[in-house]
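Attaching a predicted model along with its sequence, questions to come.
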Amino acid sequence: MIDTALQSTFDEVLRRNPGEPEFHQAVREVFESLEVVQARHPEYSDAGIITRLCEPERQIIFRVPWVDDHGQVQVNRGFRVEYNSALGPYKGGLRFHRSVNLGIVKFLGFEQIFKNSLTGLPIGGGKGGSDFDPHGRSDGEVMRFCQSFMTELWRHIGEYTDVPAGDIGVGAREIGFLFGQYKRLTNRYEGGVLTGKGLDWGGSLVRKEATGYGAAIFADEMLRARGTGVEGRRVSVSGSGNVAIYAIQKVRQLGGIPVTASDSSGYVVDEDGIDLELLQQIKEVERGRIGEYEERRGGRARFVADGSVWDVPVGIALPCATQNELDADAARTLLGNGVEAVSEGANMPSTPEAVALFREAGIAFGPGKAANAGGVATSALEMQQNASRDTWTFEYTEERLTQIMRSIHTTCLETAEEFDRPGDYVLGANVAGFRKVADAMMAFGVV
Ligand code: NDP
Ligand code: 2IT
């Protein structure tokens, strides 16, 4: 429920942003947590903080023309939503997926503000991307698209302004093409303008692994707070991209058994535990489909084309694919099978109905803006290394990531406690993320 004082602000958000259901969903969830803050901090409303937070500081939409391998001209739409810079330069990924539109980018940018605040590092919130679909495109096509995209974006970004990174459909290959074009256009080697770079040219160790590692660590922290842990538990993971692969790796390191992976064509179940090397070969090297895992696992795994990965009985679920991939039916099935923890590696993967069921059941539920913050946090560590022209070891960087995830976990729990909602990570994440941004905005006056 949204508090009556906030309802009119929310109605105004709906009126001014028609046809953007994912954005409405993200705003609603934060508003539902802010009632408790409103009561204790009327000064935030007086300063119009919440109203201002709902309006991005700047939104850029541009044409991205490029020529495909058949000589045909293609036109995509590019976006960058520079949402909030109260805590630092806009920071957040670029998503290349055919479903990308302004509402999706705004939902992701809105979430990013609170997530980045929770990391405790000096980064504001932003997001971007395009409706370009990289599936089935050659390296040459992806390069020409990225060059065209950057030919517009370069003028808007910078180490002190806006620092993009990867998200769905944007990994090291795309960041390479984007950085190459930025460098060419500006004639400046500004490592700190993008994160997720290759290790030879300004990237950070652990950035590739960070989001998945962080989501698994967050699950472990939540369970440890309840006296158990990931060790010995069966874990389902959705997706088979960057976040999913490294969530699976960290689950194994923590002694859990990751039994699933998926993509938009279906899921695989491997009762012996997912063979990570095989998954990486199919997905990272060959850019293939998840069904190939069954064929190459010699009868030890099962591929299911129609069905839900959440039907598989597990103790822990890590949704690591995309928004709204885990609905109320899936939540009921997971709860019926005795799930103890859900840690969101993806952004907003659980529908509001699913989140409500998990919270009512009292299981450990880690919302994306806390559980998947390890990726952007390690991006900020990459920026630190770029600024000091230094490179850190894997061990040191991973230790920093682990400490950041533990600190986010503690912050969420303590904030939930402070507002009389013990164990409610959703409330804790939203309120703690919000307060820091709100206090900075208060300090700056009405800007
Ligand atoms: P990738 O592109 O590497 O992988 C995405 C995976 O999710 C693929 O397996 C893809 O399958 C699947 N997927 C995507 N869209 C859909 C869909 N509509 N239906 C079913 N499956 C889908 O992306 P990432 O791993 O980087 O991102 C995954 C999630 O994590 C996203 O929500 C992203 O916003 C979030 N995230 C990412 C961070 C990062 O550092 N990369 C940081 C924090 C959050 P297919 O190939 O078939 O489309
Ligand atoms: O959703 C996210 O936090 C990301 N895609 C990572 C953003 C970043 O700047 O590293």
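Received it, and whenever you're ready, just let me know what you need. Ligands and ions are numbered 1, 2, ... in the order given.

Please count neighbours and contacts with C-alpha atoms only from this point.
OK.

how about the residue in the stretch 51-200 of the chain positioned nearest to ligand 2, what does it touch?
Nearest residue of the stretch 51-200 of the chain to ligand 2: G92, at 3.6 Å (Cα to the nearest ligand atom). Counting by Cα atoms under 8 Å, 6 or more residues apart in numbering, G92 makes contact with G109, Q112, G125, G126, K127, G128, V163, P164, A165, G166, V376.

Confirm that the fifth one sits in a helix.
No. K127 sits outside any helix when classified using DSSP: H, G, I helix; E, B strand; the rest coil, being strand.

Distance of it relative to V100?
11 Å (Cα to Cα, to the nearest Å).

ok, these two, which is more surrounded?
K127 (32 against 19; other Cα atoms under 10 Å).

wait, what's in contact with that one?
80-83, 91-94, 105-106, 108-109, 112, 164.

one more time with 7 Å, if that's ok
R80, V81, E82, G92, G93, L94, V105, L108, G109 (Cα atoms under 7 Å, 6 or more residues apart in numbering).

what's the pLDDT at the closest residue to G241 other than its chain neighbours?
Nearest non-adjacent residue to G241, counting by Cα to Cα, 6 or more residues apart in numbering: K283, 7.1 Å away. Predicted confidence (pLDDT) for K283: 98.

And A39, by the same measure?
Note on A39: pLDDT of 87.

Now for it, how many residues are close by?
Neighbours of A39 (other Cα under 10 Å): 11.

is ligand 2 contacted by the helix or strand hosting it?
Take DSSP states H and E as the rule and A39 turns out to sit in helix 21-40. No. For helix 21-40, no contact with ligand 2 is found by Cα under 6 Å from any ligand atom; the gap never falls below 13.4 Å.

So which bits of the stretch 301-447 of the chain are right by ligand 2?
A373, G375, V376, S379.

how much space between the closest residue in space to the second one that isn't next to it in sequence and I408?
Of all residues not flanking G375 in the chain, T211 sits nearest, at 4.0 Å (Cα to Cα, 6+ apart). Counting by Cα to Cα, the gap from T211 to I408 is 14 Å.

can you give me the strands for the stretch 201-350 of the chain?
Along the stretch 201-350 of the chain, the stretches classed as strands by DSSP state E, counting those that start in this stretch are 234-237, 257-258, 260-263, 266-270, 301-304, 316-318, 341-343.

Select from the contacts of K127 the one having the most neighbours.
Within the contacts of K127, G92 tops the neighbour count with 34 neighbours, counted by other Cα under 10 Å.

Pull the distance from the host helix or strand of it to the chain's centre.
Counting by DSSP H and E, the element that carries G92 is strand 90-96. Centre-to-centre, strand 90-96 and its host chain are 9 Å apart (Cα atoms, centre = their mean, to the nearest Å).

That one and ligand 1, any residue contact?
No. Strand 90-96 is not in contact with ligand 1 by Cα under 6 Å from any ligand atom; minimum separation 7.3 Å.

Work out the sheet partners of that strand and label each with its direction, please.
Strands that pair with strand 90-96, judged by DSSP bridges, come out as strand 125-130 (parallel), strand 162-165 (parallel).

hey, which of these is tucked in deepest?
strand 125-130 (a mean of 30; mean count of other Cα atoms under 10 Å).

Give the buried residues for the helix or strand that comes right after that one.
For strand 125-130, the following helix or strand on the C-terminal side (DSSP H and E) is helix 139-153. For helix 139-153, a neighbour-count test (16 or more other Cα atoms under 10 Å) marks 141-153 as buried.

Mind giving me the packing neighbours of helix 139-153?
Contact analysis of helix 139-153 by 3 or more Cα pairs under 7 Å, 6 or more residues apart in numbering; DSSP states H and E lists strand 58-67, helix 172-186 as its packing neighbours.

As TSV, these with mean neighbour count and distance to T119 would be great.
Output for these, formatted as TSV (neighbours: other Cα atoms under 10 Å; distance: least, Cα to Cα, whole Å):
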stretch	mean neighbour count	distance to T119
strand 58-67	16	23
helix 172-186	18	23
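
Quick check: which of those is nearest to ligand 1?
helix 172-186 (10.1 Å).
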